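Peer 1: only geometry, no sequence info:
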Ligand code: SF4
């Protein structure tokens, strides 16, 4: 979809207009000042303080028009702040005409950011009364009360489980990336390499990882910085052998400060085909009891279609095995919108989940972009349309509520049709603290290992700096030392 935009002579509008249009149409492009779009939106802005905005959307082919008006008082004196407010005014009329034209209601309004709950936390921290905060969010972003209520419930859950959430800046969490999996899934965008026949590469990766853990652990001890949570992700951290896992966790206990006091250690055991009795013994030995076993779907054909070489029975069997071995905080991931899946298959997945009742259930939505890539193989896959995806999201919401789960974190996907969200549900009290701290960006996360992204948050200013380790094991193996030193240099600046 190409949209011609007239009346705005600032290129900075291009991005927000494109992001909002992407909530309605697939892969929109904005033609600033041009005439080639199949839709044309003409904006008129008048006034400096009392700004009046008008947008007229014209369907080029038929000439049919839709009109929206909005007025707002802008008091900001800084150019940047003034432009931000102006952008908000433009977004209001733009959303309205797109809504009129498509008939689609955007429950998140003009908000395209991926962490909406952060906005509510900010208000809460500033002491803004709940009702006022909700009203402001609804007015500023045109979001519905349904969404502000959801955010409120999530905020309350998060503060119940982490009462000192706003004071965690002086601590850090650690993410450890292990980039291997038994096979690579079709939809995967993570750093994940099929492990078969790569033992040499795995071994040299692990020695690089050990080096990083030792160096970061030393730094933490020297500076007296505590660790809030540790998360082993990837890839599939249980794709390595039981012996390699044992060595890794032993090292963690040796080099990280006060491991007994770490609030939570999670290991993703995403692929059930990697879980063995020996590996569960290792997890138990090192007191790791939060794991993730990810079915994604309980329909065998779907697993085959997405390249997950394990059976549905294997997921269920490994879940029971983990339970028998004392794993008492198990997360399971489901994905809405996998190829070939609609409400019927999703209901089946929920029915199967009911038999297991994991402590948490994370419901992801497969992006439409990806789904549209899959539609290139239309004869092979049926891909759910937007309204069916919404129905499935509603099913997940109702099912979790009926079964005693509560939503405790959410994030939205950027640039994706349908304004979708991913929601983490759990039994009250079983929230993953790591998921909360990473989503709400309340503290530094040090990423160690392959593809691990670090997010450095200045404890004083809150300024965020990103830093990514190499994604492929070969580059990682060659340069882990250099990357470790760079991270330590950043940490030294932040924690003086
Ligand atoms: S198991 Fe997860 S990380 Fe591994 S290939 Fe599949 S989606 Fe990617």
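Peer 2: All right, it came through fine. Fair warning: this is a prediction, and the values are worked out from it, not measured in the lab. Residues are numbered from 1 along each chain as shown.
Peer 1: Going by C-alpha atoms from here, please, whenever you check contacts or count neighbours.
Peer 2: OK.
Peer 1: Make sure residue 138 is actually in contact with residue 144.
Peer 2: Yes - with contact defined as C-alpha atoms under 8 Å, residue 138 reaches residue 144; the gap is 6.2 Å.
Peer 1: Quick check: neighbours shared by these two?
Peer 2: Counting by C-alpha atoms under 8 Å, 6 or more residues apart in numbering, residue 138 and residue 144 have no shared contacts at all.
Peer 1: how long is stretch 400-413 end to end?
Peer 2: End-to-end span of stretch 400-413 (C-alpha to C-alpha, to the nearest Å): 21 Å.
Peer 1: same question, stretch 307-314
Peer 2: Span of stretch 307-314 from end to end, C-alpha to C-alpha: 15 Å.
Peer 1: Likewise for stretch 54-73?
Peer 2: 15 Å.
Peer 1: Return the distance of that stretch from the chain's centre.
Peer 2: 34 Å (C-alpha atoms, centre = their mean, to the nearest Å).
Peer 1: neighbouring contacts of that stretch?
Peer 2: Against stretch 54-73 from outside (C-alpha under 8 Å, 6+ apart): 37-45, 49-53, 89, 92-94, 96-98, 100-101.
Peer 1: PyMOL command to pick out the buried ones of these?
Peer 2: Filtering these down to the buried ones (16 or more other C-alpha atoms under 10 Å) takes a single PyMOL command:
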select buried, resi 37+39+40+41+42+43+45+51+52+53+89+92+93+94+96+97+98+100+101
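Peer 1: ok, so what distance separates the most centrally placed residue in the chain from the ligand?
Peer 2: With distances taken as C-alpha atoms, centre = their mean, the residue of the chain nearest its centroid is residue 411 (4.9 Å). From residue 411 across to the ligand, the span is 18 Å (C-alpha to the nearest ligand atom, to the nearest Å).
Peer 1: element containing that residue, please.
Peer 2: Using DSSP states H and E, the element containing residue 411 is strand 406-412.
Peer 1: which neighbours does that strand have in its sheet, and in what orientation?
Peer 2: Paired strands of strand 406-412, with direction, are strand 421-426 (antiparallel) (DSSP bridges).
Peer 1: just checking, next helix/strand downstream of the strand it pairs with?
Peer 2: Trace forward from strand 421-426 with DSSP H and E and the next one is helix 433-440.
Peer 1: Identify all contacting residues around that following helix.
Peer 2: 115, 117-118, 158, 161-162, 165, 173, 229-231, 263-264, 408-411, 443, 445.
Peer 1: Filter these down to the buried ones.
Peer 2: Buried among the contacts of helix 433-440 by 16+ other C-alpha under 10 Å: 115, 117-118, 158, 161-162, 165, 173, 229-231, 264, 408-411, 443, 445.
Peer 1: Could you list which of the residues you listed belong to strands?
Peer 2: 173, 229, 230, 231, 264, 408, 409, 410, 411, 445 (DSSP state E).
Peer 1: JSON lines please, covering those and showing pLDDT and distance to residue 316.
Peer 2: Converted to JSON lines, those look like this (pLDDT from 0 to 100; distance: C-alpha to C-alpha, whole Å):
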{"residue": "173", "pLDDT": "98", "distance to residue 316": "31"}
{"residue": "229", "pLDDT": "97", "distance to residue 316": "28"}
{"residue": "230", "pLDDT": "98", "distance to residue 316": "26"}
{"residue": "231", "pLDDT": "97", "distance to residue 316": "23"}
{"residue": "264", "pLDDT": "96", "distance to residue 316": "25"}
{"residue": "408", "pLDDT": "97", "distance to residue 316": "25"}
{"residue": "409", "pLDDT": "96", "distance to residue 316": "25"}
{"residue": "410", "pLDDT": "94", "distance to residue 316": "26"}
{"residue": "411", "pLDDT": "91", "distance to residue 316": "28"}
{"residue": "445", "pLDDT": "98", "distance to residue 316": "33"}
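Peer 1: Nearest to the ligand among those?
Peer 2: residue 231 (14.2 Å; C-alpha to the nearest ligand atom).
Peer 1: What residues does the closest one make contact with?
Peer 2: Contacts of residue 231 by C-alpha under 8 Å, 6+ apart are 174, 175, 176, 265, 266, 267, 268, 434.
Peer 1: What parts of the stretch 201-350 of the chain come near the ligand?
Peer 2: By the rule C-alpha under 6 Å from any ligand atom, the part of the stretch 201-350 of the chain lying against the ligand is 234, 235, 236, 270, 271.
Peer 1: returning to what we had before: what's the angle between the strand holding residue 411 and helix 433-440?
Peer 2: Strand 406-412 runs at 40 degrees relative to helix 433-440, counting by axes from the mean of the first three to the mean of the last three C-alpha atoms, to 10 degrees.
Peer 1: quick one: strand 406-412 to chain centroid distance?
Peer 2: Using C-alpha atoms, centre = their mean, the offset of strand 406-412 from its chain centre is 9 Å.
Peer 1: How about stretch 134-142?
Peer 2: With C-alpha atoms, centre = their mean, you get 23 Å for stretch 134-142.
Peer 1: Tell me which residues are up against it.
Peer 2: 88, 92, 107, 108, 109, 110, 111, 120, 143, 144, 145, 148.
Peer 1: Touching, the third one and residue 149? I think so.
Peer 2: No - assessed by C-alpha under 8 Å, residue 107 is found out of contact with residue 149, at 11.8 Å.
Peer 1: Neighbour count: the two, which is higher?
Peer 2: residue 107 (19 against 12; other C-alpha atoms under 10 Å).
Peer 1: mind listing what that one touches?
Peer 2: Contacts of residue 107 by C-alpha under 8 Å, 6+ apart are 142, 143, 144, 146, 147.
Peer 1: so where does the last one fall, helix or strand?
Peer 2: When you say that, I think you mean residue 147. helix 145-161.
Peer 1: which residues sit against that helix?
Peer 2: Residues contacting helix 145-161 (C-alpha under 8 Å, 6+ apart): 107-108, 116-117, 120-121, 134, 137-138, 165, 407-409, 428-429, 431, 433, 436.
Peer 1: buried stuff in it?
Peer 2: 147, 148, 151, 152, 153, 154, 155, 157, 158, 161.
Peer 1: Would you work out how far apart the start and end of stretch 466-478 are?
Peer 2: 21 Å.
Peer 1: for the record, mean pLDDT for it?
Peer 2: The pLDDT scores in stretch 466-478 average 93.
Peer 1: Could you see whether the ligand lies near it?
Peer 2: No - against the ligand, stretch 466-478 shows no contacts by C-alpha under 6 Å from any ligand atom, the least distance being 12.3 Å.
Peer 1: and that stretch, how far from the chain's centre?
Peer 2: 21 Å.
Peer 1: In the stretch 201-350 of the chain, which residue sits nearest the ligand?
Peer 2: For the stretch 201-350 of the chain, C-alpha to the nearest ligand atom, closest residue to the ligand: residue 235, 3.7 Å.
Peer 1: for the stretch 1-150 of the chain, same thing?
Peer 2: For the stretch 1-150 of the chain, C-alpha to the nearest ligand atom, closest residue to the ligand: residue 114, 20.6 Å.
Peer 1: and that residue, backbone torsions?
Peer 2: phi -90, psi -10 (degrees, to the nearest 10).
Peer 1: ok, and for stretch 243-262, which residues are buried?
Peer 2: 244, 245, 246, 248, 249, 252, 255, 256, 257, 259.
Peer 1: Test my guess that residue 445 contacts residue 452.
Peer 2: No - if you go by C-alpha under 8 Å, residue 445 and residue 452 don't touch, sitting 9.9 Å apart.
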